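>>> Model the following, please.
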Amino acid sequence: MRQQRVVLDEPRVTRPGIVPAGSGRLRTLTIALLTIVLLLVAVGVLMVQSASQVAAISSGRNPLGGVLRQGAYAAIGIGLMLAISRVPTAALRRYSWLLLAIGFFLQILVYTPLGYEAGGNRNWLRLGPISMQPAEFMKFVLLVWVSAVLAAKRRLLGEWVHVAIPILPVVAASMLINILGGDLGTLLVLAALVFGCLYFSRVRLRILAGIAAVAAIGIAAMTLMKPNRVVRIMHFFEVDCLRDAEHAYAGCWQTLNGFWALAQGGLFGTGVGGSTAKWHWLPEAENDFVFAILGEELGFVGAATVIALFVALAAVLLALGTCTDSPFARAVFGGLAVWVSAQMIVNIAVVLGFVPVLGVPLPFISAGGTSLLSLLLAVGVALSCVREAGMHAAPAQGVRAK
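Now for the predicted structure:
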């Protein structure tokens, strides 16, 4: 009698990629997220090179130093983004307290001989050849830590005590360290980030309103602690830079040259490299005021396109938040969307003269390694959440018989 043998295949365990398989909504949103982020990073490398080239030549440095430096940060950041996207969110939650301790340690080091002051703010740290801003890294730290705490307390968020403790004391301590160094802009962005995590974790509105009131009082009190910050705010409200000519060479110099750069751009701009404001007229042209150079060289159309990319990025992140049941993922998507949006709004509002000069970088675009790396790390955490959402949504593979 002839025997037949049936061979059963072992289930194939496929390691999910960064972009979910299939053709569903999750895959489309993930591709959109990666495309927008990479476009913004590319625009940033281009504009940093353009804005910094004249200053580099005049000081005898490499004319291509902007693209080499910002391009290197972008390459490292994208590599870290892809690496952290492979880390399970359970591990991120487990080590979030360690990450918080590292963040606080770096912030405190700013007030040791390793720290130094730049632009009136003592928020820089030099570790050998590396210069960094711990406050920028702390944004990423708080995004992960606050999301982990909210996920762990998801069944207790109806009570204000469990919402406030330990989040409010920890965030307040980080903010206090920032304001002691004179960094009001980072303070506002941190507050918006944490509020975004709380809101999209479905904390009750009455609790959010109370936290917002306490935060507003705390920020006002911390602001009054720095006399130079008070002077800058009073100058903003008392002086009309467009009409008070006597202030053109004092507190209005940066604001006025930002206005003139945007006006020079017109509808289509002067072309990449065609800015005149970067010829030592506009301070911080590659950093806080890079949007003015962008508007001058790419015009209204280019500036509006960049703003549209930020709006699309926020919309994609919020849409991804609806594709998951994970409390951690919802807090991450919501917090990151608010973080990027708030920082973009504050930066552009400063350039347009709607708020005092605060020293807030334009996300993904302004020069600076710490800001770019922190944002790309945060996008990597979002991609980790997407990967796990795709794993849960993927249909189980059956066993085939031969």
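
>>> ok, which stretches of this protein are helices?
Remark: helices assigned in the chain by DSSP state H are 25-58, 65-84, 89-94, 96-109, 134-152, 160-164, 167-180, 184-200, 205-224, 227-238, 253-265, 290-321, 327-351, 369-393.

>>> neighbours of residue 210, just the number please.
Using other C-beta atoms under 10 Å, the number of residues around residue 210 comes to 14. The C-beta positions use only the backbone N, C-alpha and C, and glycine is treated the same way.

>>> If you could redo that for residue 94, that was the one I meant.
Neighbour count for residue 94, taken as other C-beta under 10 Å: 11.

>>> what does the model give it for pLDDT?
You'll see residue 94 listed with a pLDDT of 96.

>>> how close does it get to residue 151?
In this structure, residue 94 and residue 151 are 11 Å apart, going by C-beta to C-beta, to the nearest Å.

>>> Spatially nearest residue to residue 264 (excluding sequence neighbours)?
Using C-beta to C-beta, 6 or more residues apart in numbering and skipping the chain neighbours, the partner closest in space to residue 264 is residue 296 (5.1 Å).

>>> Now for residue 76, how many residues are close by?
Look at residue 76: counted by other C-beta under 10 Å, it has 14 neighbours.

>>> got a list of what it touches?
With contact taken as C-beta atoms under 8 Å, 6 or more residues apart in numbering, residue 76 is in contact with 369, 373.

>>> when you give positions from now on, start the count at 340
Shifting the count to begin at 340 puts that one at residue 415.

>>> ok, the closest residue to residue 665 other than its chain neighbours - how many residues close by?
For residue 665, ignoring the flanking residues on the chain, the nearest one in space by C-beta to C-beta, 6+ apart is residue 724 at 6.5 Å. Counted by other C-beta under 10 Å, the residues lying close to residue 724 total 26.

>>> Give me the pLDDT for residue 724.
On pLDDT, residue 724 comes in at 96.

>>> how much space between it and residue 365?
Residue 724 is 11 Å from residue 365, by C-beta to C-beta.

>>> quick one: common contacting residues for those two?
Overlap between the neighbourhoods of residue 724 and residue 365 consists of residue 659, taking contacts as C-beta under 8 Å, 6+ apart.

>>> re earlier: tabulate the helices of the chain (JSON lines), appending distance to residue 456.
What follows is the helices of the chain, written out as JSON lines (distance: least, C-beta to C-beta, whole Å):
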{"stretch": "helix 364-397", "distance to residue 456": "20"}
{"stretch": "helix 404-423", "distance to residue 456": "21"}
{"stretch": "helix 428-433", "distance to residue 456": "33"}
{"stretch": "helix 435-448", "distance to residue 456": "14"}
{"stretch": "helix 473-491", "distance to residue 456": "13"}
{"stretch": "helix 499-503", "distance to residue 456": "33"}
{"stretch": "helix 506-519", "distance to residue 456": "12"}
{"stretch": "helix 523-539", "distance to residue 456": "15"}
{"stretch": "helix 544-563", "distance to residue 456": "18"}
{"stretch": "helix 566-577", "distance to residue 456": "11"}
{"stretch": "helix 592-604", "distance to residue 456": "18"}
{"stretch": "helix 629-660", "distance to residue 456": "22"}
{"stretch": "helix 666-690", "distance to residue 456": "20"}
{"stretch": "helix 708-732", "distance to residue 456": "16"}
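
>>> Lowest average confidence across those helices, which one?
Here these differ in mean pLDDT, and the lowest is helix 566-577 at a mean of 70.

>>> who does the top strand by length along the chain pair up with?
Longest strand of the chain, by residue count under DSSP state E: strand 460-466. According to DSSP bridges, strand 460-466 forms sheet pairs with strand 454-457 (antiparallel), strand 469-471 (antiparallel).

>>> Can you tell me what sits against the shortest one?
Contact partners of strand 469-471, identified using C-beta under 8 Å, 6+ apart, comprise 445, 463, 464, 708, 709.

>>> now swap in stretch 571-578 and tell me
Residues outside stretch 571-578 that contact it (C-beta under 8 Å, 6+ apart) are 562, 586, 590, 591, 694, 695, 696.
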